[in-house]
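Q: only geometry, no sequence info:
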């Protein structure tokens, strides 16, 4: 398996639209409180991504490093999901979405490692964190295999972290 991250072009947004509109891919979001996210359906977990938002989304997520970063995950030339990070105050949060039909193939940990390599290539980012519902074991396992550790568990949420120092130790 050859895995790589690529910055998506405007034409690639149709794939992202399909992913966000697929109930199987977005099942992890069902019933969650996403803080009033526009276009979110708590019954399916899906998020609307209409064509009129594509240019705006690309402007924010693809041209504002280090505050925002997103890339598509390609496995042997096929898009299988996306990874991202975004700044919240002084913290940087990481995320991943693997398309339902490509789950269970070992993409998650490898893609997260590529994401951390890119993130820690920037001096501004001292650590990456993430938080998941405690029942999202595939996501938790993927981040653990990529070098994150559990920072805190409680109230149905598992918070994870990897620091620059941990990442550097893991590369040696």
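A: Alright, I've got the coordinates. Since this is a predicted model, take the numbers as computed values, not measurements.
Q: drop to CA atoms for contacts and neighbour counts, all remaining ones
A: OK.
Q: tell me the mean pLDDT for the biggest strand by length in the chain?
A: Determined from DSSP state E, the single longest strand within the chain is strand 78-88. Here strand 78-88 scores 96 as its mean pLDDT.
Q: same question, stretch 48-62
A: Mean pLDDT, stretch 48-62: 94.
Q: Show residues contacting it.
A: For stretch 48-62, the external contacting residues (C-alpha atoms under 8 Å, 6 or more residues apart in numbering) are 7, 10, 13-14, 16-17, 20-21, 38-40, 68-70.
Q: List phi and psi for residue 151.
A: Per-residue torsions, residue 151: phi -90, psi -40 (degrees, to the nearest 10).
Q: how about it, what does it touch?
A: 158, 159, 160, 161.
Q: Recalculate using a threshold of 6 Å.
A: 159, 160 (C-alpha atoms under 6 Å, 6 or more residues apart in numbering).
Q: Any figure for the gap between it and residue 157?
A: 11 Å (C-alpha to C-alpha, to the nearest Å).
Q: for the contacts of stretch 48-62, which one is nearest residue 120?
A: Closest approach between the contacts of stretch 48-62 and residue 120, by C-alpha to C-alpha: residue 69, at 12.5 Å.
Q: Would you agree the closest one falls within a helix?
A: No: counting by DSSP: H, G, I helix; E, B strand; the rest coil, residue 69 falls outside a helix, being strand.
Q: Listing request: residues of the chain with sub-threshold pLDDT.
A: The model of the chain has pLDDT under 70 over residues 36, 172.
Q: Residues contacting stretch 3-12, please?
A: 71, 72, 73, 74, 75.
Q: Go again with 7 Å.
A: 71, 72, 73, 74, 75, 76 (C-alpha atoms under 7 Å, 6 or more residues apart in numbering).
Q: quick check: angle from the helix or strand hosting residue 96 to strand 78-88?
A: Secondary structure from DSSP states H and E places residue 96 in strand 91-98. Relative orientation of strand 91-98 and strand 78-88, computed by axes from the mean of the first three to the mean of the last three C-alpha atoms, to 10 degrees: 160 degrees.
Q: So what touches strand 91-98?
A: With contacts defined as C-alpha under 7 Å, 6+ apart, strand 91-98 is touched by 80, 81, 82, 83, 84, 85, 86, 87, 127, 128, 129, 130.
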